[in-house]
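Asks: Provide a 3D model corresponding to the input given below.
(chains A and B)
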Amino acid sequence: MSISRSFAWGEIKEHKFIYAIIIVVIGLTMTSFILENAYLNYMMQVVNDTTKILTADAAITSPECNIRDLYGTQPTIENAREIANRIEKALPEYKTAIRVTAQATYGAGASGEAVDGCTIQGINPEEDEKVTNIKNKIVEGRFFEKDDPILRGHTPLYIEVKGPGNLPDFTYGSGQRLLKYDKPYPIIVGATAAKIHPSIIKVGNVLNIIISTSGRGTKYATVTVKIIGLYESGTPTLDAMIWFMHADSLREIKGYGEIKGNEWHIPGVGTFRGFCPIEVDRNIGDTILVKGPEPLHQLDPIGQAEQLKNALESIVPGMKIFSWHDLLVYAAGSMQDVVTIMLWGSMAVTLLLCGAAIKYVMDSIVIRKTREIGSLKAFGARDRTIFKIFLYQGLFIGSLAGILGILISVLVMNIINWYGVSVQFIAGTQLDIGFVVNWLTIVIALVLPVLLSILAASMPAKRASMLPPVEALRKGEMAL
Amino acid sequence: MKNKRMPLIELRNVSKIYTQYGTEIVALNNVSLKVLPGEFVSIVGPSGSGKSTLLHCMGLLDRPTKGKVFVEGRDTSKITGKEIATLRGKKIGFVFQNYNLIPRLTVLDNVILPGLIIGKDEAKLTSKALELLEEVGIKHRADHKGVHLSGGEQQRVAIARALINDPIVIIADEPTGALDSESSSEIMELLAKLNKDRKVTIVFVSHDLDIARYGRRNILLKDGKIIKDSKESRLEEILKEASKTSKEVWR
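Replies: Numbering: from 1, shown residues only, chains lettered A, B, ... in the order given. As a prediction, this is how the structure comes out:
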């Protein structure tokens, strides 16, 4: 062993308690890093396996739509019906449903309720039922009926605002006053929203909502809605955000059709000028959902999703097509991003603290060992030899911490995998999934603490190596 | 063939000037000195006379502000710090007042340390170290940690360590400064024996005039200048001169 390595190891042994603490802290941080990464990989595996079991369906949107818009409002497709018909003709075993989408805010500021947001999906009940089986998910109240007042022959109150900051000024003002005699639109609300806002979200309640009618623009409509039912999709977070109206209601609100006349007559109430009745155009929609044939187990539905996308692309060239697998990957990816940011953030803080601790310990060693450094220089040690003594300490500490982190991770993962991690899917199929570690994670877990320790050690190392021998010997005498 | 009387170390018009709090302090003032093979040189002088600075310049631990230091005729002012370190490791052995043993190492490991630093073979060093330890009378403590030894024993180890690389000169800074009188005599007897039997060239600094008597050549330093050198004067004259300054602070 070279003199530098031998002395570095000697220093580590001499300061074993403080270094052990630092090594354990860095090691555990690396364990956390490896396990979190293994968990994220595991999540992606779950996504893939879920896709295998569930579905290979797709959503078609206009070309400028991105995957994030699927959770909000999609741009208008003027010939949505024609596209849906084209798909059903080309792929008879597939079913389609056109949806109209909008984002909305609701709440009752005056009664102390916080303003909240939701995405409204306008559905054709019969058509959508074939694709999504939504009727079976109603847990309270009812689904849409034929005599529901879906259309009232008017356009609601439209307001253009300059920016979101103006929103509260009109939300609970003029819209509510003008529409109080109106017969409200029926709406089906997610059960989670009802749990969050129990005083205003319940079956039978009427409330005013502000709907964005221009996609990402600034045109809003205030409408009155009546909650006719609550649904549970199985994903509580989605049930807090996604509400359902009749597609024609949203077409009317968003102005998908032809305006007829310039007066609005409400029987028994009166006639209002400037609120123009609209004849909705059912060809217009925002998204076309496509339901493929049920995938069979073990038949590579992920590949089937790709096949579906390819088939649809040839039928509707130029349109944006997202498979459910894409959506699941995006959803898992979003969670991954959050977890990854948190993970790296917490890891950075811990590692910085450990780096500072290493530097502090080595600084104190340099001060206490000044005479020793002076002696080594007197015996012919070069500056580089002294520099390497401290650098090797960093290398040893970082390597030990990295190896410790990897060993603990492997141990923990083996214990967990020994007992088994299983996921019970809706279809009743159970998958046993273990932690999935990739080599990149292992390499990072080893390299990162080594780099950190070497970096932290380099400053005291430089200071020690630059000490003139006579100064080191003199200061060492003074330190005695 | 090397000239036997060529100085091992030569200082030519060496000055060392420090700046402290904006004031220049002249530690060495135009000192010239030759150390010849086999000499046993004592350097005495009052506190602040420049003894240690002179020793540091001779031992290549410090560079002079002016003048030149030659080691075996080689001008050290023209070589890099890296070469200075190598030269120091190979040519000069150091004995410090506080022994400077590495506490966590055994006596044997302490002795071989300078050899390992300059890249010598560990096995050969070990066998040589054991011989040296026997010579300084401390072989039986070879496996002990340095810190468990008495002051006198530690200084014996330090002397063995100074000899491990067969240096041309041993530089000893107050070698008995931390020892009682009995141990001091033993250490000086040992150094004198090494000088006599092994022809090891030794230069040492001492504030103790009785210890300085062990030197066969004595140099008196005052205000950074060599006042007397027994090459030209007799020891008694030097001691007489030194006694004139006895009211000054000695260390």
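
Asks: and for the host helix or strand of B:I112, what's in contact with it?
Replies: In this structure, B:I112 sits in helix B:107-117 according to DSSP states H and E. The contact list for helix B:107-117 (Cβ atoms under 8 Å, 6 or more residues apart in numbering or on different chains) reads A:3, A:6, A:376, A:379-381, A:385, B:89, B:93, B:101-102, B:105, B:122, B:125-126, B:128-130, B:132-133, B:138, B:141-146, B:149, B:157, B:160-162, B:164-165. C-beta coordinates here come from the backbone N, C-alpha and C atoms, glycine included.

Asks: for the closest residue to chain A within chain B, give me its contacts.
Replies: Residue nearest to chain A within chain B (Cβ to the nearest Cβ): B:G89, separated by 1.6 Å. Neighbour list for B:G89: A:F379, A:G380, A:A381, B:P114, B:I117, B:I118, B:N165 [criterion: Cβ under 8 Å, 6+ apart].

Asks: just the CA coordinates of the helix or strand containing it, formatted as CSV?
Replies: Assignment of secondary structure by DSSP H and E places B:G89 within helix B:81-91. Only the C-alpha atoms of helix B:81-91 are listed here, as CSV (Å, rounded to 0.1, in the frame of the first residue of the first chain):
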residue,chain,number,x,y,z
GLY,B,81,10.0,22.2,-4.7
LYS,B,82,9.5,18.6,-5.7
GLU,B,83,13.2,18.1,-6.1
ILE,B,84,13.9,19.8,-2.8
ALA,B,85,11.5,17.4,-1.1
THR,B,86,13.3,14.4,-2.7
LEU,B,87,16.7,15.8,-1.8
ARG,B,88,15.5,16.4,1.8
GLY,B,89,14.2,12.9,2.1
LYS,B,90,17.4,11.3,0.7
LYS,B,91,20.2,13.5,2.0
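
Asks: would you put the C-alpha positions of the helix holding B:I112 in CSV?
Replies: Output of helix B:107-117 as CSV, limited to C-alpha atoms (Å, rounded to 0.1, in the frame of the first residue of the first chain):
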residue,chain,number,x,y,z
VAL,B,107,8.4,2.1,16.8
LEU,B,108,9.5,0.0,13.8
ASP,B,109,6.9,1.7,11.5
ASN,B,110,8.1,5.1,12.6
VAL,B,111,11.7,4.2,11.8
ILE,B,112,10.9,2.9,8.3
LEU,B,113,8.6,5.8,7.5
PRO,B,114,11.2,8.1,5.8
GLY,B,115,12.3,5.2,3.7
LEU,B,116,8.8,4.4,2.6
ILE,B,117,8.3,8.0,1.6
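
Asks: following it in sequence, what is the next regular element?
Replies: Next along the chain from helix B:107-117, counting by DSSP H and E, comes helix B:122-135.

Asks: could you list the buried residues of that following helix?
Replies: Applying a neighbour-count criterion of 16 or more other Cβ atoms under 10 Å in any protein chain shown, the buried positions in helix B:122-135 are B:L125, B:T126, B:K128, B:A129, B:L130, B:L132, B:L133, B:E135.

Asks: now do it against helix B:107-117, angle only.
Replies: Angle of helix B:122-135 versus helix B:107-117, following axes from the mean of the first three to the mean of the last three Cα atoms, to 10 degrees, is 130 degrees.

Asks: first-to-last residue distance for stretch B:68-80?
Replies: One end of stretch B:68-80 sits 14 Å from the other (Cα to Cα, to the nearest Å).

Asks: quick one: pLDDT of residue 73?
Replies: Assuming you mean chain A. Looking at A:T73, its pLDDT reads 75.

Asks: can you look at chain B instead?
Replies: B:G73 carries a pLDDT score of 89 in this model.

Asks: same check, this time on A:E127
Replies: For A:E127, pLDDT reads 86.

Asks: hang on, it in a helix?
Replies: Yes - A:E127: assigned to a helix according to DSSP: H, G, I helix; E, B strand; the rest coil.

Asks: please flag which of the contacts of helix B:107-117 sit within helices.
Replies: Cross-referencing the contacts of helix B:107-117 against helices under DSSP state H gives A:3, A:6, A:376, A:385, B:89, B:122, B:125-126, B:128-130, B:132-133, B:157, B:160-162.
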